[in-house]
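Trainee: Please work out how this folds:
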Amino acid sequence: MTNNSIIELEGLYKKFGSHFAVKDLSFEVGKGDLFGFLGPNGAGKSTTLYILLGLVFPTKGRALIFGHPPSNLEHARSRLGAMIETPSFYPQLTAEKNLEQSARLLGPEAMQTISHVLEKTGLSHAARIKVQKFSTGMKQRLGIARALLGSPELLILDEPTNGLDPEGTVITWKLLEEFTGKQGGTVLVSSHLLPEIEEHCNRVCVIRDGESVACGEVAHLLQFHNRPIEISCEDEESANRLRGLALKESWIEEPRQKGSDSRRLRLVCPGRSPAQIHQFLVENHIRLEQFTPLRNTLRDFFLSLTKKDNLFKDDAQ
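Mentor: Below you'll find the model as predicted:
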């Protein structure tokens, strides 16, 4: 574990009966990261979060938070805030009273932060309203407020913007960016909303079937791998030669024609950078008029990893 690591997973396994929910999962979350944890339904995200919070014990491997295993987190409880799945509250109590119930478990300092966290999550106006009258989005924001009690150094959040309206979504991501920026905190966030993760997170880990298939800086992953390429061949012969190469080379997806011109093609080569693709075309005498790498999105990248067998691992940590 590096001096900068807040969370470290190394060779983590979790088996339920004959099924491995998590298999040989390894990644680190560094101090100051706004870290996105991604995967399709059933990929093992929730199980991993439960392990980190000491709610589920791993079958094998190591999980550390602040350098200690989750089974020994009593000394770090005040440094950690979490919201997993749909937050639950006492419906007959107000938002303020619900937070007081949670703050009592954390100590006097947490009690003093109630007004502050309500303000940060945009709920000051609803402090004395019973939670039974809250919308789904307001309950979600109250869950985030509860995670912020006591000024933690680390937040572990599962789908934090689920059910939020656009205003609530903006408030939440601004809060998380300030938490990791100005306050020097760290956030591990699991979400299905890939455009939000791409916009706000600096690093991500993508898992499939319990295993990591990509982990690293968002900018790096999107810049160098799986970028679609639009090309225009000089002649029909080059275009046909490229189609023939795609049939022979498993890493080249079948080129798709763009428009009515059969010489204009869209090319996707998982695991290859634009420079590698260009070199391959030149070496195989594909004459080009145009070679344009398109901007990749996190959604494109995610789908390429979770829906195809031709996967790669990027260990940029």
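Trainee: all helices of the stretch 201-317 of the chain, in order?
Mentor: Using DSSP state H, counting those that start in this stretch, the helices of the stretch 201-317 of the chain run over 218-224, 236-248, 274-283, 298-306.
Trainee: Which residues outside the last one are in contact with it?
Mentor: The reference is to helix 298-306. Helix 298-306 is contacted from outside by 38-40, 43, 194-195, 197-198, 204, 206, 208, 213-214, 218, 221-222, 225-226, 228, 268, 270, 311, using C-beta atoms under 8 Å, 6 or more residues apart in numbering. Bear in mind the C-beta positions are built from the backbone N, C-alpha and C, glycine included.
Trainee: hmm, 7 Å instead?
Mentor: Residues from elsewhere that reach helix 298-306, judged by C-beta atoms under 7 Å, 6 or more residues apart in numbering: 38, 40, 194-195, 197-198, 206, 208, 213-214, 218, 221-222, 226, 270, 311.
Trainee: Quick check: mean pLDDT of the lengthiest helix in the chain?
Mentor: Under DSSP state H, the helix in the chain containing the largest number of residues is helix 166-180. When pLDDT is averaged over helix 166-180, the result is 93.
Trainee: Redo the helices of the stretch 201-317 of the chain as JSON lines? Include distance to Arg141.
Mentor: Output for the helices of the stretch 201-317 of the chain, formatted as JSON lines (distance: least, C-beta to C-beta, whole Å):
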{"stretch": "helix 218-224", "distance to Arg141": "25"}
{"stretch": "helix 236-248", "distance to Arg141": "49"}
{"stretch": "helix 274-283", "distance to Arg141": "42"}
{"stretch": "helix 298-306", "distance to Arg141": "25"}
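Trainee: does Tyr13 sit in a helix or strand, and which one?
Mentor: In this structure, Tyr13 sits in strand 5-16 according to DSSP states H and E.
Trainee: Packing partners of that strand?
Mentor: Helices and strands touching strand 5-16, by 3 or more C-beta pairs under 7 Å, 6 or more residues apart in numbering; DSSP states H and E, are strand 19-30, helix 45-52, strand 60-65.
Trainee: now do 8 Å
Mentor: Applying 3 or more C-beta pairs under 8 Å, 6 or more residues apart in numbering; DSSP states H and E, one finds that strand 5-16 makes contact with strand 19-30, helix 45-52, strand 60-65, strand 186-190.
Trainee: right, and the helix or strand after the first one?
Mentor: Once strand 19-30 ends, the next helix or strand along the chain (criterion: DSSP H and E) is strand 34-38.
Trainee: Over to the third one?
Mentor: Stepping forward along the backbone from strand 60-65, the first helix or strand reached (DSSP H and E) is strand 80-83.
Trainee: cool, and the last one?
Mentor: From strand 186-190 onward toward the C-terminus, using DSSP H and E, the following helix or strand is helix 194-200.
Trainee: hang on, the earlier thing: out of the helices and strands packed on strand 5-16, indicate the one that is most buried.
Mentor: Looking across these with neighbours counted as mean count of other C-beta atoms under 10 Å, the highest average goes to strand 186-190: a mean of 25.
Trainee: For the protein, which residues score under the pLDDT cut-off?
Mentor: 1-3, 75, 223-226, 304, 307-317 (pLDDT under 70).
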